[in-house]
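**Student:** my questions concern the predicted model and sequence given below.
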Amino acid sequence: MHSVEHLSVDQTVISRRRFLHHAAALGTGLLAARSTSGGGHLGPLEVLNPRDRVPISFVIDDSTCLVNMGHFCMPQFAAAWSKRAEYRKPWREWPREIPDAFVREFLEFCAEYGVRGKYSVVPYPALVGWLDRELPGWSRKELRASLKLVRDEVCPAFDIHPEMITHTRVIDLRTGRPLEPVSPATMENSYPQEKKSVDELAAYLAYALRILKNCDLPCEGITTPGGFGNRVKRELSLAVQQAVRDVYGAEIPHYFKYVVDPGEDPQPRLEHVRHGNDGSIDLTVNVPAGTGDWFGGWDGARKPEPDRYATPDGTEGAMVHWIRRGGPAIMLCHWPGLYCNGSKDGFRAFQQVVRSLHEHFADRIVWLKLSEIARYWAVRQLATLRLAGRSIEIETPFACSEFTFRWHGTPRQEPRLERPDRMVQTLRRAGRRTELRSGTYWADRETVVFCVNVPRGQSRMLV
């Protein structure tokens, strides 16, 4: 697992040993799976993926309102890393704007296929302007309309994350001005280059989050720009927890920073788990992606390679690999790489991939936001299931939609879920296993699979 940077995935893959070392260094551990979690067993009980399908998601980085980050980031990166050839591209020829009309075109396609995921909104994109104030080059009316589009049409299907404050220069939180001189040490992609405390990092994250909150955008997590936090990974994870809780009161803070190699474990990691005396649980969920960006790249200047995600016949590609392994299968791209400076080549490649996944795996996958994946895996790791006579007792610290588990047994009645408030829901039998939805069950001669919305606390499945 490696941090997402403006480099090809092949250049930054780290070994399994280093990944395990990183996980241990977070001080969380990779939580020892309970007997009911991660596919483990508690006698005849087994927790499955939601709806017994592979969760998939689409992670979009470097997005924001109107600003084409490829155009505006390129000269700032070139100033900090003057010897890198990738920053000597003809950015002046690229459009300064990715119009809202393209956002709508993208969303219409996603709605057709049920695509869900994460959409970054950089709060002070490349120093162009503050989204909660003014965006020079665009009218206030245009900025407000763009923010409304994100609130009303992006948010239902995509989580909103800040990708730190500017995605380019580090900001002095006291003045709001970028730090001088321009160097890798003062660029968010490689910040910080020395140890920082959890409080210092949390203050920086909270600054970004407050701008989004001022814009009335919801948020339960953050995305790191490039190598942000690479030298303070343990502190960063806890800072995410503190900042997202402080600014938004989110129950399950999560973050996106890492990409896993095909030989690694794609499961989300629960980090900094702390149990309160009142039964509450604090934690951070680290949700990694399973692909590189093979559309148009972070600057929109690359030739798309959609077959690296999924071939048209559904036999090859990273997404196919993760689906066959049981997932999650999380696909990564950068927003300028979908627009491709007006050609939309990356978007057409994305459409090809989604159509292939739908054609070959529609009854095996379920599209989820990152926050939904984070919540499901938190419950999967922390819930307790146990048999008690003719009932299955479920205890979970968080509510969870479409919680799915298998019982190796035969019910004597139509299964009923009894909630903590004593309300009882009778489950409906699904005709096929692929038709599982919340409030249903599927059974054969030896096994029953339940799919229910579980509330926080204790519930009972009466069987």
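**Tutor:** That came through fine. As the structure is a prediction and not an experimental result, all values here were calculated from the model. Numbering: from 1, shown residues only.

**Student:** next secondary structure after the helix or strand hosting Lys118?
**Tutor:** Lys118 is part of strand 117-120, with elements assigned from DSSP states H and E. Next helix or strand after strand 117-120 toward the C-terminus (DSSP H and E): helix 140-149.

**Student:** which secondary structure elements does that next one contact?
**Tutor:** Secondary-structure packing of helix 140-149 (3 or more C-beta pairs under 8 Å, 6 or more residues apart in numbering; DSSP states H and E): helix 100-113. C-betas here are computed from N, CA, C, even on glycine.

**Student:** export the helix it packs on as CSV, just CAs?
**Tutor:** Extracted in CSV, the C-alpha atoms of helix 100-113 (Å, rounded to 0.1, in the frame of the first residue of the first chain):
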residue,chain,number,x,y,z
ASP,A,100,-20.4,22.7,-14.6
ALA,A,101,-21.9,21.5,-17.8
PHE,A,102,-19.3,18.7,-17.8
VAL,A,103,-20.2,17.9,-14.1
ARG,A,104,-23.8,17.5,-15.1
GLU,A,105,-22.9,15.3,-18.1
PHE,A,106,-20.7,13.1,-15.8
LEU,A,107,-23.5,12.9,-13.1
GLU,A,108,-26.1,11.9,-15.7
PHE,A,109,-24.0,8.9,-16.7
CYS,A,110,-23.3,8.0,-13.1
ALA,A,111,-27.0,8.1,-12.3
GLU,A,112,-27.8,5.7,-15.2
TYR,A,113,-25.4,3.0,-13.8
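
**Student:** and the contacts of that helix?
**Tutor:** By C-beta atoms under 8 Å, 6 or more residues apart in numbering, the list of residues contacting helix 100-113 from outside reads 58, 66, 115-116, 145-146, 149-150, 153-154, 157, 338-339, 344, 347, 351, 354-355, 358, 367.

**Student:** among the residues you listed, which lie within helices?
**Tutor:** Those of those mapping onto helices are 145-146, 149, 338-339, 347, 351, 354-355, 358, per DSSP state H.

**Student:** I'd like the residues you listed laid out as JSON lines, including pLDDT and neighbour count.
**Tutor:** Shown next, in JSON lines, are those (pLDDT from 0 to 100; neighbours: other C-beta atoms under 10 Å):
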{"residue": "Ala145", "pLDDT": "98", "neighbour count": "14"}
{"residue": "Ser146", "pLDDT": "98", "neighbour count": "22"}
{"residue": "Leu149", "pLDDT": "98", "neighbour count": "17"}
{"residue": "Leu338", "pLDDT": "98", "neighbour count": "24"}
{"residue": "Tyr339", "pLDDT": "98", "neighbour count": "27"}
{"residue": "Phe347", "pLDDT": "98", "neighbour count": "21"}
{"residue": "Gln351", "pLDDT": "98", "neighbour count": "18"}
{"residue": "Val354", "pLDDT": "98", "neighbour count": "24"}
{"residue": "Arg355", "pLDDT": "98", "neighbour count": "15"}
{"residue": "His358", "pLDDT": "98", "neighbour count": "16"}
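
**Student:** can I see the domain layout of the chain?
**Tutor:** Domain assignment for the chain, taken from automatic domain parsing, gives 2-30+54-362, 383-462.

**Student:** could you redo those domains as JSON lines and give each row distance to Pro44?
**Tutor:** Shown next, in JSON lines, are those (distance: least, C-beta to C-beta, whole Å):
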{"stretch": "domain 2-30+54-362", "distance to Pro44": "20"}
{"stretch": "domain 383-462", "distance to Pro44": "4"}
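
**Student:** just the ones you listed: most buried one?
**Tutor:** Highest mean neighbour count among the domains of the chain (mean count of other C-beta atoms under 10 Å): domain 2-30+54-362, with a mean of 20.

**Student:** just checking: what are the partner strands of the strand holding Lys118?
**Tutor:** strand 54-61 (parallel), strand 158-161 (parallel) (DSSP bridges).

**Student:** nearest to Thr410, out of those?
**Tutor:** Nearest to Thr410, of all those, is strand 54-61, at 27.6 Å by C-beta to C-beta.

**Student:** centre of the chain to the closest one, how far?
**Tutor:** 6 Å (C-alpha atoms, centre = their mean, to the nearest Å).

**Student:** name the next helix or strand downstream of it, please.
**Tutor:** As the chain continues past strand 54-61, the following element, by DSSP H and E, is helix 69-80.

**Student:** need the residues that contact that next one.
**Tutor:** 6, 62-63, 84, 87-89, 91, 94-96, 122, 125-128, 167-169, 182-184, 186-187, 189, 298-301, 334-336, 341.

**Student:** which of the ones in helices among the contacts of helix 100-113 lies closest to Gly290?
**Tutor:** Gly290 has its nearest neighbour among these in Val354, at 15.6 Å by C-beta to C-beta.

**Student:** roughly how far does that closest one sit from Lys369?
**Tutor:** According to C-beta to C-beta, to the nearest Å, Val354 stands 16 Å off from Lys369.

**Student:** thinking again about what came up before, to Ala374, which of the domains of the chain lies closest?
**Tutor:** The closest of the domains of the chain to Ala374 is domain 2-30+54-362. By C-beta to C-beta, the value is 3.8 Å.

**Student:** low-confidence bits of the stretch 201-350 of the chain, can you list those?
**Tutor:** For the stretch 201-350 of the chain, no stretch is flagged by pLDDT under 70.
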